[in-house]
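Trainee: Quick one, structure for this:
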Amino acid sequence: MNGKTPRPRKRPRTQGDAIPPTTTVIDPHVTYPERDVKSIGIVAYAGNMAPPLDILQRWAEENPGIGMYLNGYLKPFAGGRLKAKSDTFLSTQVDLLLSLGGDGTFLSAARMVKGQGTPILGVNLGRVGFLADVNLENLGRILDEIQRREYSYRKRMLLEVEVFKGRTLLLQDIALNDVAFTGQMAHQMADLRVTAQGRFLTDYWVDGLLVSTPTGSTAYALSAGGPIIHPSADSLLLTPMNPTSLSVRPLVLPDYMLIGVRSNMGRTKEVNMFVDGRNQFMLKPEHSVFIRKHKEGLRLVRPKGSSYFESLRNKLGWTGTRRSRDAATASGSV
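Mentor: Numbering: from 1, shown residues only. As a prediction, this is how the structure comes out:
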């Protein structure tokens, strides 16, 4: 005892005492515009285009500094500030592409761009529309926001599809949603041998098989019982349709893998192959299909305040809150 007051001993810090740092998680699939939009391409392939073209014509007159260009289907509406141009010009020479229609029109616009980097904004003139999710009544306001750079880009995966016979390339294409393999007729099943990264995966005896991007997980694959995959999840989805074995389930694979598909059918039978619902190819046993992630991908324009989860709730009819469920129960609609 020397008369000195002992110093209090510090309690050792434990893991529970640690204060987690405040960090902002940045989605690498999200980027923002670095320059103003000076030209806009407008594409459509079917339907009554008078209402959206009236809006675009007025907006073009109010914004003379921005070039507005139409594809061939919209050529009858050319005049004033709206000029008709070729698909080649629209896919390479404009700052932004407007897709007028539904998801089918958006897929056609994506095929036209072919990984060139031209961003696409989908304007929904149909019903559901996961890709074309901008409503016509909001089009003028959203174009004003785009002019002020109040929007972002979301990178979406594309699939590169190649078909070979031996070493001869027969078909090369891209898909934003999926590549589908089905029997030749409605009652015929398909026998498919699938490899992943060069290794044998399994033989699928199914009505059909889908190889999908995360974007395509809310398309055909959703109807076939596949999972919903967030667009920022770097993955490939294999969804068997009506397999003969109940143990065969959808499979999620990393996006670096090369998927190979061959037909196990006899030489007198063929398998249909569809790329985003079109470009049918009759697959024979001597053909080899290779599907991989496209090196560039697609840039999708997302307006200010848009939300993927909100889109899921609205498009799929999810109630989202207990209040909405209780209201539905009270009204007798559940």
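Trainee: Tell me where the stretch 201-334 of the chain is predicted with low confidence.
Mentor: Scanning the stretch 201-334 of the chain for pLDDT under 70 picks out 320-334.
Trainee: Helices along that one, start to end?
Mentor: Ranges of helices within the stretch 201-334 of the chain are 220-223, 308-316, 322-330, based on DSSP state H, counting those that start in this stretch.
Trainee: How far away from the center of its chain is the lengthiest helix in the chain?
Mentor: In the chain, with assignment by DSSP state H, the single longest helix is helix 50-62. Taking Cα atoms, centre = their mean, to the nearest Å, the mean C-alpha location of helix 50-62 is offset from the chain mean by 27 Å.
Trainee: got the buried residues for that helix?
Mentor: Along helix 50-62, these residues count as buried under the neighbour rule (16 or more other Cβ atoms under 10 Å): 52-53, 56-57, 59-60. Yep, even glycine has a C-beta here, placed from its N, CA and C like the rest.
Trainee: could you point out which element follows it?
Mentor: The element immediately downstream of helix 50-62 (helix or strand, assigned by DSSP states H and E) is strand 67-70.
Trainee: In the sheet, which strands lie alongside that following strand, parallel or antiparallel?
Mentor: Strand partners for strand 67-70, identified by DSSP bridges, are recorded as strand 39-43 (parallel), strand 82-84 (parallel).
Trainee: Please identify which of those strands is closest to L246.
Mentor: Nearest of those to L246, taken as Cβ to Cβ: strand 39-43 at 43.5 Å.
Trainee: For the closest one, which outside residues touch it?
Mentor: Residues outside strand 39-43 that contact it (Cβ atoms under 8 Å, 6 or more residues apart in numbering): 56, 66-71, 73-74, 82, 85, 89-91, 93-100, 105, 108-109, 112, 118.
Trainee: Next step: those residues restricted to strands.
Mentor: Secondary structure of the contacts of strand 39-43 is defined by DSSP state E; positions in strands are 67-70, 82, 96-100.
Trainee: Out of those, who's the most crowded?
Mentor: Neighbours here mean other Cβ atoms under 10 Å. Within the ones in strands among the contacts of strand 39-43, the largest count is held by L100, at 31 neighbours.
Trainee: how close does that residue get to P250?
Mentor: Between L100 and P250 the computed distance is 33 Å (Cβ to Cβ, to the nearest Å).
Trainee: again, but for R156
Mentor: With the distance defined as Cβ to Cβ, R156 ends up 20 Å from P250.
Trainee: just to revisit the earlier point, nearest to M241, out of the strands paired with strand 67-70?
Mentor: Each of those has some distance to M241 by Cβ to Cβ; the shortest is strand 39-43, at 31.1 Å.
Trainee: Kindly calculate the angle that the closest one makes with strand 96-101.
Mentor: Between the direction of strand 39-43 and that of strand 96-101, the angle (axes from the mean of the first three to the mean of the last three Cα atoms, to 10 degrees) works out to 20 degrees.
Trainee: List the buried residues for strand 39-43?
Mentor: When burial is assessed from 16+ other Cβ under 10 Å, strand 39-43 yields the following buried residues: 39-43.
Trainee: Tell me how many other residues crowd A180.
Mentor: For A180, which is what you asked about, the neighbour count (other Cβ under 10 Å) is 25.
Trainee: quick one, what contacts it?
Mentor: Contacts here follow Cβ under 8 Å, 6+ apart; on that basis A180 touches 208-210, 220, 272-274, 277.
Trainee: Would you mind giving the secondary structure of it?
Mentor: At A180, secondary structure determined by DSSP: H, G, I helix; E, B strand; the rest coil is strand.
Trainee: in the sheet, who's paired with it?
Mentor: Taking DSSP bridges, one finds L210, F274 as the beta-bridge partners of A180.
Trainee: L312 and H230 touch, don't they?
Mentor: No. Checked against Cβ atoms under 8 Å, the pair L312 and H230 is beyond contact range at 9.6 Å.
Trainee: now the strands for the stretch 201-334 of the chain?
Mentor: In order along the chain, the stretch 201-334 of the chain carries the following strands (DSSP state E, counting those that start in this stretch): 208-212, 235-241, 251-254, 259-263, 271-275, 278-283, 287-293, 298-303.
Trainee: Deepest-packed of the ones you listed, please.
Mentor: Ranked by mean neighbour count, those are led by strand 208-212 with a mean of 25 (mean count of other Cβ atoms under 10 Å).
Trainee: Run through the neighbouring helices and strands of it.
Mentor: Secondary-structure packing of strand 208-212 (3 or more Cβ pairs under 8 Å, 6 or more residues apart in numbering; DSSP states H and E): strand 178-183, strand 190-196, helix 220-223, strand 235-241, strand 259-263.
Trainee: Let's have the ones you listed in JSON lines, adding distance to I142.
Mentor: As requested, the helices and strands packed on strand 208-212 are arranged in JSON lines below (distance: least, Cβ to Cβ, whole Å):
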{"stretch": "strand 178-183", "distance to I142": "28"}
{"stretch": "strand 190-196", "distance to I142": "40"}
{"stretch": "helix 220-223", "distance to I142": "27"}
{"stretch": "strand 235-241", "distance to I142": "30"}
{"stretch": "strand 259-263", "distance to I142": "37"}
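Trainee: Among these, which comes closest to P214?
Mentor: strand 235-241 (6.2 Å).
Trainee: Lovely, talk soon.
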